[in-house]
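S.K.: structure, please.
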Amino acid sequence: MKQDAPLPVGGQAVLEGVMMRSPRALAIAVRRPDGSVLLKDEPYASLGERYPALKRPLLRGPIILIESLITGVKALTFSAQAALGEEGEEQPLGWGSILLTLGGAFLLAFLVFGFLPHWLSGLIGYLAGHPLTPADFTFHLLDGIIKAAFILLYIWGISLFRDIRRVFEYHGAEHKSICAYEAGEPLEIAQARRHSTCHPRCGTAFILVVLLTSILIFSVFFPLVPPLTRTGLVNNFIQVVIKVALMFPIAALSYEIIRWGGRQPHHPLARLLLWPGLVTQHLTALEPDDSQLEVALEALKAVLAREGSNTA
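M.R.: As a prediction, this is how the structure comes out:
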């Protein structure tokens, strides 16, 4: 029977497996070297569930993003141990390791996807004979185009590695499984295979919506901000720091757009806003084989079983 209101289930591809998460459950299924599937499932209590005020619009987006980063790092660590066939008790990932991992990723993203596109936007305007500043809409449009190009090049580059390509295939398996569940169909390989590898609530779509939203917000905000120093490079650095600070409200607004688009997938505006992310998913969510679908469905069934909603 088709469910009128399926649970909001999300997921993440990991090494040789898939992590699924619902409001009150989390499960990770990983294909081990011997061909067996290792399943880990446990109760999950998000900050939103523990503190209902954090579930309000424009508050829930950043909270969910931070929680997703933390659970994602833990899931990747678990999957790496399982996929490599490491014996012994799982070594829990401490907060120090999590912060170090996320801190390193943030620093790299700040330099490559933040500072460098910002600096290049000004440089291109200068070389073209039309100096651009953050007070110009063209500056932010160019900045967004450069960021999008860097992101696509990065995705294409890592997809050349076999292990990453398999992660992208598990990403497709995750989407197909969730689509089957949301359609109220039996959670079986044959049913899941018929669905698309793209999903409007994917993190890839979220990144592209954040990018588009940031162009508009930066274009409105920065004309109001005077130069902060007389040194161009330092001024650029400070402006990028301000952009990072603005990413919290931008992420909050982008999450609401993604959430609305997921509920109204046929609305013309939703299709327009989510189209770039859905197109990009053809790079990040590849067609899985049946063994990968089996793993994704195992994780999904475990989450639904804990929720008491498994209709498979």
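S.K.: now Val167: how far from Ala192?
M.R.: According to CB to CB, to the nearest Å, Val167 stands 18 Å off from Ala192. Where you see a C-beta, it was placed from the backbone N, CA and C, and this is true even at glycine.
S.K.: nope, Gln281 is what I was after
M.R.: In this view, Gln281 and Ala192 are 16 Å apart by CB to CB.
S.K.: what's the answer for Gly72, then?
M.R.: For Gly72, the distance to Ala192 under the criterion CB to CB works out to 22 Å.
S.K.: more neighbours: which of these two?
M.R.: Relative neighbour count places Ala192 above the other of Gly72 and Ala192, with 26 against 17, counting by other CB atoms under 10 Å.
S.K.: Provide the secondary structure category for that one.
M.R.: For Ala192, the secondary structure call by DSSP: H, G, I helix; E, B strand; the rest coil comes out as helix.
S.K.: was I right about it contacting Val295?
M.R.: No - in this structure Ala192 lies outside contact range of Val295 using CB atoms under 8 Å: 11.3 Å.
S.K.: between the two, which contacts overlap?
M.R.: Shared contacts of Ala192 and Val295, defined by CB atoms under 8 Å, 6 or more residues apart in numbering, are found at Ala173.
S.K.: restricting to C-alpha, output the helix or strand in which Asp143 is found in PDB.
M.R.: When elements are assigned from DSSP states H and E, Asp143 belongs to helix 137-159. The C-alpha coordinates for helix 137-159 follow below in PDB (Å, rounded to 0.1, in the frame of the first residue of the first chain):
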ATOM      1  CA  PHE A 137      26.500  42.000  -9.700                       C
ATOM      2  CA  THR A 138      28.800  40.800 -12.500                       C
ATOM      3  CA  PHE A 139      31.600  40.100  -9.900                       C
ATOM      4  CA  HIS A 140      29.300  37.700  -8.000                       C
ATOM      5  CA  LEU A 141      28.000  36.100 -11.200                       C
ATOM      6  CA  LEU A 142      31.500  35.400 -12.300                       C
ATOM      7  CA  ASP A 143      32.500  34.200  -8.900                       C
ATOM      8  CA  GLY A 144      29.600  31.700  -8.900                       C
ATOM      9  CA  ILE A 145      30.500  30.500 -12.400                       C
ATOM     10  CA  ILE A 146      34.100  29.900 -11.400                       C
ATOM     11  CA  LYS A 147      33.000  28.100  -8.200                       C
ATOM     12  CA  ALA A 148      30.700  25.900 -10.300                       C
ATOM     13  CA  ALA A 149      33.500  25.100 -12.700                       C
ATOM     14  CA  PHE A 150      35.800  24.200  -9.900                       C
ATOM     15  CA  ILE A 151      33.200  21.900  -8.300                       C
ATOM     16  CA  LEU A 152      32.400  20.100 -11.600                       C
ATOM     17  CA  LEU A 153      36.100  19.700 -12.300                       C
ATOM     18  CA  TYR A 154      36.700  18.300  -8.800                       C
ATOM     19  CA  ILE A 155      33.800  15.800  -9.200                       C
ATOM     20  CA  TRP A 156      35.000  14.800 -12.600                       C
ATOM     21  CA  GLY A 157      38.600  14.400 -11.400                       C
ATOM     22  CA  ILE A 158      37.800  12.200  -8.400                       C
ATOM     23  CA  SER A 159      35.400  10.100 -10.500                       C
END
